[in-house]
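Enquirer: Build the 3D model from these lines:
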Amino acid sequence: MAVNRFGDLRVEERTVGGGDTVVTFRHYVDKDKLHEKGRLFARLSIPPGGAVGFHQHVDESEFYVIHSGRGRYLMDDQSWEVGPGDVAEVAPGHSHGIENIGGEPLEFTALIVFS
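Expert: As a prediction, the model looks like this:
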């Protein structure tokens, strides 16, 4: 398929990174469409007060592109407030997580690529 419509994307709801918040994933494409170069390309939604738990990436990088909402991005021992238009990256061997610190869902695209 050459075009995937947002309303037709596969939806998954689950906790992430050891956290206890149920996060909604809308998969732009499934892992097999990434041609063994990555394992996730999806739009995530975290409810207010929720988070993706702090976790480590080994042999892969992850990028977050923030679409809406406000978050606190954590990487190793640092943190930044993020909002629409910001891009956060975690490199192989580092740990990260993100918390929704606003009053609306935190929406962002996540892309995991292999190093």
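Enquirer: ok, residues contacting stretch 32-40?
Expert: Residues from elsewhere that reach stretch 32-40 (CB atoms under 8 Å, 6 or more residues apart in numbering): 27, 31, 41, 60, 62, 110-114. (Glycine included, C-beta is placed from N, CA and C.)
Enquirer: Buried subset of these, written for PyMOL?
Expert: Buried residues among the contacts of stretch 32-40 (16 or more other CB atoms under 10 Å), as a PyMOL selection:
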select buried, resi 27+41+60+62+110+111+112
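Enquirer: Where does confidence bottom out across the contacts of stretch 32-40?
Expert: Lowest pLDDT of the contacts of stretch 32-40: Lys31, 94.
Enquirer: coming back round to it: which of the contacts of stretch 32-40 fall in strands?
Expert: Among those, the members found in strands (DSSP state E) are 27, 41, 60, 62, 110-114.
Enquirer: Considering the residues you listed, which is situated nearest to Ala88?
Expert: Set against Ala88, the nearest of these by CB to CB is Glu62 (8.5 Å).
Enquirer: Asp20 falls within a strand, correct?
Expert: No: counting by DSSP: H, G, I helix; E, B strand; the rest coil, Asp20 is not part of a strand but coil.
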